[in-house]
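> structural data only, the sequence is not supplied:
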């Protein structure tokens with residue numbers, strides 16, 4: 001079964017909402033985009049693998065003013081992995097308070113559950129070297 005247009009829009013909106021929730025400080029809203037047991041892998045950024053929505057929220061609070069002031073997601077590519085499972089890869093830019101910008105890649109596993117689509121696994125990798133994964 002191929003991914004419907006409606007599913008593509010819902011998943012893209014889900015990925016886009018992360019930045020809006022983060023930037024506005026609506027960290028409780030993460031429960032609307034991540035599964036309760038999400039594995040959020042920020043090992044590449046020095047943070048290890050965060051398990052669960054509460055751990056992501058606590059990590060963001062611990063960063064405080066070191067959080068980006070703006071998250072921008074672009075170039076979202078979706079591929080169906082199985083019934084109710086989609087792989088997504090996207091590019092992200094994080095703008096820091098001092099005006100510097102970091103480039104990231106999000107690799108997500110998105111699953112359909114009783115509450116609709118949610119991100120169940122995310123790997124965040126910093127882009128530090130051109131022309132490489």
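Thanks, I have the structure now. Note that the coordinates shown come from a computational prediction; the quantities given were computed from them, not determined experimentally. Residues are numbered from 1 along each chain as shown.

> please make it C-alpha for all contacts and neighbour counts, starting now.
Will do.

> list the buried residues in stretch 104-118.
Using 16 or more other Cα atoms under 10 Å as the test for burial, stretch 104-118 gives 104-112, 117-118.

> which single one of those is nearest to residue 126?
Lowest distance from residue 126 to those (Cα to Cα) belongs to residue 104, with 4.4 Å.

> the closest one touches residue 95, doesn't it?
No. Using Cα atoms under 8 Å as the test, residue 104 is too far from residue 95 to be in contact (11.2 Å).

> what sits against the residue nearest to residue 14 when sequence neighbours are not counted?
Nearest residue to residue 14, sequence neighbours excluded (Cα to Cα, 6 or more residues apart in numbering): residue 33, at 5.9 Å. Shown in contact with residue 33 (Cα atoms under 8 Å, 6 or more residues apart in numbering): 14-15, 17-18, 117-119.

> in strands only, show me these.
Among these, the members found in strands (DSSP state E) are 117-119.

> and which of these is nearest to residue 128?
Nearest to residue 128, judged by Cα to Cα, of the ones in strands among the contacts of residue 33 is residue 119 at 24.9 Å.

> could you measure from that closest one over to residue 59?
Distance of residue 119 to residue 59, given as Cα to Cα, to the nearest Å: 18 Å.

> looking at those two, which is more packed in?
residue 119 (28 against 14; other Cα atoms under 10 Å).

> and the more buried one, what are its bridge partners?
With DSSP bridges as the criterion, residue 119 is bridged to residue 34, residue 110.

> that one touches residue 31, doesn't it?
No. Judged on Cα under 8 Å, residue 119 makes no contact with residue 31 at a distance of 10.0 Å.
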